[in-house]
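Student: Below: sequence and its predicted model.
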Amino acid sequence: MLHRSALIPQLLATMALLAWGLLPGELALGRPTRIRDALCSDLLSKADYERMERGYYEQILDAGRQLGAPVGQPTTSRNGWAHLDTPPFDAGPLALVVNDVREFVLKPSLSIIHDGATWSTNERGMRDRSYPTSKPPHTFRIAFVGDSIGAGWGVDDGKGFEPTLERLMDERSRKAGGQAVEILNFAVPGHGPGQRWEHFTRVGWAFEPDLVLYEATQADMGWDERRLRGLLPRGIGWDVSFYREILARAKAQPGGTMESYKNVLKPFRGDFLTSVYRSVTAECRTRGVPCIWLLVPRVGKPTDPEERRKLIALARETGFSAIIDLSDAYDGLDPHELAIGPNDYHPNADGHAQLAHRLDEALRQWPLGRQPEPTNPGGGHRP
C-alpha cells in the first residue's frame with residue numbers, strides 16, 4: 001500500500017532529541033481562536049452528544065441503557081465469572097470478545113463492508129496493512145494507539161488520518177532519500193485510555209516501534225472509571241497494574257454490583273486516568289521510546305476549555321515526551337462537510353484528511369537543537 005522510503009533528516013534528528021528528553025512538554029501548535037458557533041448551529045445539542053457518547057463508549061456499563069447498540073448476553077466462564085459471548089458494541093462483525101480488561105478487539109484477517117464502509121484488518125487484528133514483526137532495515141516505525149477516531153470509524157480503508165499521515169510522511173521521506181516511514185495502527189473502536197494501552201502492550205512492543213503516538217479525546221476523563229463499573233463485577237480489572245493501587249485506595253472489593261462500584265469509584269475518576277498516563281510514559285521511558293500525546297477533536301462537538309486545559313496539564317505532568325493539541329482542527333469549518341452523518345461526530349474522509357495534514361504540519365514544525373529543560377516531579381518538561 002505504501003512505498004518504502006525514508007525519513008527526512010530533520011525528523012531523524014528530532015526523534016533523537018525526543019529519545020534524549022530534549023523536547024518541551026507541550027507543542028504550542030494549535031491556532032488560538034476557537035470558532036464553535038458555526039459547528040453547533042443545527043447539529044446535536046451538547047446534551048444530545050453526551051448521551052450519544054455514553055451509548056457508544058460505555059455500552060455495557062449502565063443497566064437500562066437505551067441508545068441502540070446490542071449488548072452481548074452474559075454467560076458463565078470456567079472461573080465462575082460472567083462474561084459476554086457477543087461484542088459489546090455495534091460492530092458485531094468487526095469485534096472479537098476477549099475475557100480481559102480490553103473486553104473486545106478487532107477480528108483478524110477481515111475484509112467486509114460495515115455500515116457502508118470497507119473494513120479490512122491484517123492477521124494481527126489491526127485495521128492496517130500487514131507488517132513483518134521485526135522492523136525492516138532503514139525503517140522508522142511509529143506505533144499509533146487510539147480508539148474509534150484513530151481506527152477510522154465510518155470511512156473506507158485507507159481514508160483515516162493514520163494511513164493518510166503515513167503516506168504523507170513516507171512520500172516526503174522517500175523524496176529526501178532517507179528511511180522508510182511506517183505507522184502501525186493499534187487503535188480499537190470503543191477502547192478507553194487504559195484499554196488502549198493494555199492492548200498495545202500485549203501486541204505492539206514486538207513490532208519494535210521508534211515512536212509511540214497516543215491518541216486522547218476530551219471523553220477520556222472518567223472513561224476508565226466508567227468501564228470498570230461493568231468490568232469489576234465480572235472479575236476483570238482487579239489485577240491490572242495501573243488500576244490496582246487506586247482500587248485499593250477506593251476500598252473496592254470483589255462481589256459488588258455496577259451501582260455499588262459506581263459509588264465507590266467515581267471520586268477517583270481522575271486518578272485512574274493519571275495512573276494510565278503514568279504507566280504509558282514510564283514504560284516508554286524504560287524502553288527508550290519517546291511517546292507523544294495527541295488530542296484529537298470530534299466533529300461538531302464543542303471543546304470545553306476547562307476540560308481541555310486539565311487534560312493537557314495532566315499529559316504534561318505525567319511526562320509525555322511532547323504534546324500535540326489538534327482540538328481546533330475543525331474550527332471555522334462546516335461540520336456537515338466533515339462528519340460521517342448528522343448524528344455522528346466521527347469525521348468523514350475529508351475530516352480525517354484535515355487531521356492528517358494538521359498532524360503532519362505539527363510533526364514537521366518540531367523545533368530542533370533545543371537545550372535540555374528542567375523537568376517537573378511528574379517527569380514532563382516545563383513549557
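Tutor: Received it, and whenever you're ready, just let me know what you need.

Student: for this protein, what spans make up the strands?
Tutor: Secondary structure of the chain, counting by DSSP state E: strands at 74-76, 82-84, 95-97, 104-106, 111-114, 117-120, 139-145, 180-185, 211-216, 291-295, 322-325, 339-341, 344-347.

Student: Residue 275 and residue 240: what is the separation?
Tutor: Relative to residue 240, residue 275 is positioned 10 Å away (Cβ to Cβ, to the nearest Å). C-beta coordinates here come from the backbone N, C-alpha and C atoms, glycine included.

Student: any low-confidence regions in this structure?
Tutor: For the chain, the stretches with pLDDT under 70 are 1-91, 365-383.

Student: So in it, which helix runs the longest?
Tutor: helix 269-287 (DSSP state H).

Student: Just the residues contacting that helix, thanks.
Tutor: With Cβ atoms under 8 Å, 6 or more residues apart in numbering as the test, helix 269-287 has contacts from 193-194, 197, 201, 205, 212, 214, 220-225, 228, 241-243, 245-246, 249, 265, 290-291, 293, 314-315, 317-321, 378-380.

Student: hmm, 7 Å instead?
Tutor: 193-194, 197, 212, 214, 220-222, 224-225, 241-243, 246, 290-291, 314-315, 318-320, 379 (Cβ atoms under 7 Å, 6 or more residues apart in numbering).

Student: between the strands of the chain, which gets nearest to residue 362?
Tutor: strand 322-325 (4.8 Å; Cβ to Cβ).

Student: Centre of the chain to that closest one, how far?
Tutor: 13 Å (Cα atoms, centre = their mean, to the nearest Å).

Student: now for it, which elements pack on it?
Tutor: With contacts taken as 3 or more Cβ pairs under 7 Å, 6 or more residues apart in numbering; DSSP states H and E, strand 322-325 sits against strand 291-295, helix 305-317.

Student: ok, and which of the ones you listed has the densest surroundings?
Tutor: strand 291-295 (a mean of 24; mean count of other Cβ atoms under 10 Å).

Student: Distance-wise, check the spatially most central residue of the chain relative to residue 102.
Tutor: In the chain, the residue lying closest to the centroid (Cα atoms, centre = their mean) is residue 146, at 2.2 Å. Per Cβ to Cβ, residue 146 is found 14 Å from residue 102.

Student: now swap in residue 241 and tell me
Tutor: Applying Cβ to Cβ, the value for residue 241 to residue 102 is 14 Å.

Student: next one: residue 261
Tutor: 19 Å.

Student: just residue 116 next, same as before
Tutor: On the measure of Cβ to Cβ, residue 116 and residue 102 end up 27 Å apart.

Student: and these two? which has more neighbours close in?
Tutor: residue 102 (21 against 10; other Cβ atoms under 10 Å).

Student: for that one, what are its contacts?
Tutor: 191, 195, 198-199.

Student: The same query, at a cut-off of 8 Å, please.
Tutor: Contacts for residue 102 (Cβ under 8 Å, 6+ apart) come out as 188, 191, 195, 198-199, 202.

Student: out of these, which are inside helices?
Tutor: Counting by DSSP H, the part of these found in helices is 195, 198-199, 202.

Student: Out of those residues, who's the most crowded?
Tutor: That'd be residue 195 among those, by other Cβ under 10 Å, with 25 neighbours.

Student: Hmm, residue 104 and that residue touching each other?
Tutor: No. Counting by Cβ atoms under 8 Å, residue 195 does not reach residue 104; the two are 9.1 Å apart.

Student: list the residues that contact both of these two?
Tutor: By the contact definition Cβ under 8 Å, 6+ apart, residue 195 and residue 104 are jointly contacted by residue 188.

Student: picking up where we left off before, if we take the ones in helices among the contacts of residue 102, which one ends up nearest to residue 178?
Tutor: Using Cβ to Cβ, residue 199 is the member of those that sits closest to residue 178, with 30.5 Å.

Student: For the closest one, which residues are in contact?
Tutor: So residue 199 contacts 102, 105, 145, 186, 188, 191 (Cβ under 8 Å, 6+ apart).

Student: got a winner among these for most neighbours?
Tutor: residue 186 leads the contacts of residue 199 on contacts (other Cβ under 10 Å) with 31 neighbours.

Student: isn't it right next to residue 145, touching?
Tutor: Yes. The pair residue 186 and residue 145 qualifies as a contact (Cβ under 8 Å) at a distance of 5.4 Å.

Student: Now do the same contact list for residue 196.
Tutor: By Cβ under 8 Å, 6+ apart, the neighbours of residue 196 are 145-147, 186-188, 214-215.

Student: Could you do residue 148 as well?
Tutor: 56, 187, 189-190, 346.

Student: 7 Å - rerun?
Tutor: By Cβ under 7 Å, 6+ apart, the neighbours of residue 148 are 189-190, 346.

Student: With neighbour count and distance to residue 152 added, can I get those residues in CSV?
Tutor: As requested, these are arranged in CSV below (neighbours: other Cβ atoms under 10 Å; distance: Cβ to Cβ, whole Å):
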residue, neighbour count, distance to residue 152
189, 24, 9
190, 24, 14
346, 21, 9
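
Student: Correct me if wrong: residue 252 contacts residue 264.
Tutor: Yes. Under the criterion of Cβ atoms under 7 Å, residue 252 makes contact with residue 264 at 5.2 Å.

Student: just to revisit the earlier point, now the strands of the chain in CSV, with distance to residue 359?
Tutor: Below are the strands of the chain laid out as CSV (distance: least, Cβ to Cβ, whole Å):
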stretch, distance to residue 359
strand 74-76, 40
strand 82-84, 34
strand 95-97, 27
strand 104-106, 22
strand 111-114, 25
strand 117-120, 22
strand 139-145, 10
strand 180-185, 10
strand 211-216, 8
strand 291-295, 7
strand 322-325, 7
strand 339-341, 19
strand 344-347, 13
